[in-house]
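Asks: Okay, sequence plus prediction incoming.
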Amino acid sequence: MQQAIGKYRWTICALLFFATTVNYLDRQVLSLLKPRLEEIFGWSNTDYANIASVFQFTYAISMLFAGRIIDKLGTKRGYSWAIIIWSVGAMIHALAIPIGEGLSAVLGWIGIVTVPVSILGFMFGRAVLGFGESGNFPAAIKATAEYFPKKERAFATGIFNSGTNIGAILAPLTVPWIYKNWGWESAFLIIGAVGLLWLFFWHQFYEKPEKQKRLSAEELAFINSDDAESKTAVTDDKTEKVAWFRLLRYKQTWAFTFGKFMTDGVWWFFLFWLPAYLKDNYGIVDEKVIAPLTVLYSMTMFGSIGGGWFPMYFIRKGYAPYDGRMKAMLLIALIPLVVLAAPYLGHISFWLPVILIGIGASAHQAWSANIFTTVSDMFPKKAIGSVVGIGGMAGGLGGVLVTKVGGALFDHYKALGHIETGYTIMFVFCAVAYLIAWMVMKALVPKYKLITDL
């Protein structure tokens with residue numbers, strides 16, 4: 001049947017997967033270099049939290065506009081600009097010191113007291129990176145909605161979203177080695193340049209389904225088979241605008257937004273702080289982090305792909321896509337509770353908390369594949385990018401809060417000689433965040449309801 005229908009849509013899914021891999025490679029370089037950069041520049045945990053939170057704050061605000069820009073420019077052009085900007089942003093981290101000196105001189109000249117040069121330079125690099133990376137998920141979710149019928153979207157989302165895991169695995173395999181042999185500047189330059197290679201393949205293989213010459217008529221019909229919008233399909237990339245305030249009238253928007261606010265910060269905590277956790281609690285740095293982080297992030301691949309497949313069990317039993325997804329998400333939300341045990345088992349072996357955190361991170365990826373797909377379940381294509389942008393902004397702001405609180409806790413308890421207590425507090429939040437998110441989402445949207453009046 002697949003041969004009769006065709007499978008070009010999976011080529012597009014592969015492109016989204018590789019872009020997402022690059023996205024996470026670029027954002028993780030700083031966290032892996034953090035133990036050495038803090039020695040070189042004398043950073044505290046609060047300093048690092050301030051630098052990391054600039055990325056998250058810029059990402060959060062930009063997500064609101066990124067969704068709208070993707071809707072306006074269309075997926076092809078919008079995604080291209082996003083990866084150009086974030087690749088440049090990743091590479092200019094290597095110039096953090098001269099950039100910081102220049103910004104410091106300008107701010108000093110106009111009488112503004114500034115922060116240390118190294119912190120200012122890295123903040124600038126993180127801001128550019130965050131602005132560019134904000135376009136990845138709105139564009140990828142929009143492309144998935146364009147190329148997949150609803151029954152396949154969670155699985156396709158799970159596949160491309162597993163690029164976050166591959167990026168997280170490749171980063172510890174490459175960054176410490178590049179740092180050891182060529183220095184920290186080269187790590188940012190080399191990893192950042194990878195994204196520019198993706199552009200060639202994107203422009204070669206992507207086009208809207210209605211214009212895609214490589215797509216068979218049978219596959220196009222299959223893509224649009226359950227989509228009422230196909231009756232009035234728009235062949236121009238520029239679709240009708242949907243006002244943000246109009247979208248905020250819907251409980252569906254608020255359900256997605258709250259779910260992202262509560263849970264995105266958990267994943268970013270794992271991403272930005274795990275190398276520091278391994279150093280602070282077990283003295284694991286540089287190339288020694290390769291094994292534990294590779295194992296941990298390899299585990300998350302099962303959550304990403306399995307989480308995309310899981311709702312199909314309920315959908316095949318006759319549940320509407322949203323209702324089946326919410327049943328799956330409840331079970332997924334229970335899994336991170338194992339993280340509660342992580343701080344108490346490290347005295348046996350550091351591998352025990354690594355495995356438990358890996359299970360929690362895997363559950364996040366399963367959750368992420370499904371929460372993104374709730375948007376395309378309930379909103380028309382023209383609004384998907386904007387809704388994902390609103391939720392992404394909320395997720396980014398939640399990440400800022402988690403990062404800032406984490407940095408403050410770690411410095412506070414480090415001064416008391418009990419830094420492990422700070423991590424214990426953060427792990428408790430990571431464990432319960434998904435259940436809280438699910439309960440609020442279910443209360444806001446108890447049953448599936450497609451929005452048809454936009």
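Replies: Alright, I've got the coordinates.
Asks: tell me which element Lys7 falls in.
Replies: According to DSSP states H and E, Lys7 maps onto no helix or strand at all.
Asks: how many neighbours does it have?
Replies: 11 (other Cβ atoms under 10 Å). Any C-beta I mention is one placed from the backbone N, CA and C, and that applies to glycine too.
Asks: Hmm, Glu218 and it touching each other?
Replies: No: at 10.9 Å, Lys7 and Glu218 do not qualify as touching, with contact defined as Cβ atoms under 8 Å.
Asks: quick one: low-confidence ranges for the stretch 201-350 of the chain?
Replies: Segments of the stretch 201-350 of the chain classed as low confidence (criterion: pLDDT under 70) are 226-241.
Asks: And the helices in it?
Replies: Taking DSSP state H, counting those that start in this stretch as the criterion, the stretch 201-350 of the chain carries its helices at 217-223, 244-247, 251-282, 290-309, 311-315, 321-334, 342-345.
Asks: could I get the ones you listed as CSV with mean neighbour count?
Replies: Rendered in CSV, the data for the helices of the stretch 201-350 of the chain read as follows (neighbours: other Cβ atoms under 10 Å):
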stretch, mean neighbour count
helix 217-223, 16
helix 244-247, 14
helix 251-282, 23
helix 290-309, 22
helix 311-315, 19
helix 321-334, 21
helix 342-345, 17
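Asks: Make a markdown table from the ones you listed and add distance to Thr421 to it.
Replies: Compiled in a markdown table, the helices of the stretch 201-350 of the chain are given as follows (distance: least, Cβ to Cβ, whole Å):
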| stretch | distance to Thr421 |
| --- | --- |
| helix 217-223 | 52 |
| helix 244-247 | 41 |
| helix 251-282 | 11 |
| helix 290-309 | 21 |
| helix 311-315 | 38 |
| helix 321-334 | 26 |
| helix 342-345 | 9 |
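Asks: what's the closest of those helices to Leu397?
Replies: Leu397 sits nearest to helix 251-282 of all these, at 6.7 Å, using Cβ to Cβ.
Asks: quick one: that closest one to helix 290-309, angle?
Replies: Angle of helix 251-282 versus helix 290-309, following axes from the mean of the first three to the mean of the last three Cα atoms, to 10 degrees, is 160 degrees.
Asks: quick one on the thing from earlier: and Asp26, which of the helices of the stretch 201-350 of the chain is closest to it?
Replies: helix 251-282 (11.7 Å).
Asks: so what does that closest one touch, helix or strand wise?
Replies: Helix 251-282 is packed against helix 9-41, helix 45-73, helix 290-309, helix 351-378, helix 381-415, helix 419-444, with contacts defined by 3 or more Cβ pairs under 8 Å, 6 or more residues apart in numbering; DSSP states H and E.
Asks: Ile451 is nearest to which of those?
Replies: helix 351-378 (5.7 Å).
Asks: how about Phe258, what does it touch?
Replies: When contacts are counted by Cβ atoms under 8 Å, 6 or more residues apart in numbering, Phe258 touches Ala394, Ala437, Val440, Met441, Leu444.
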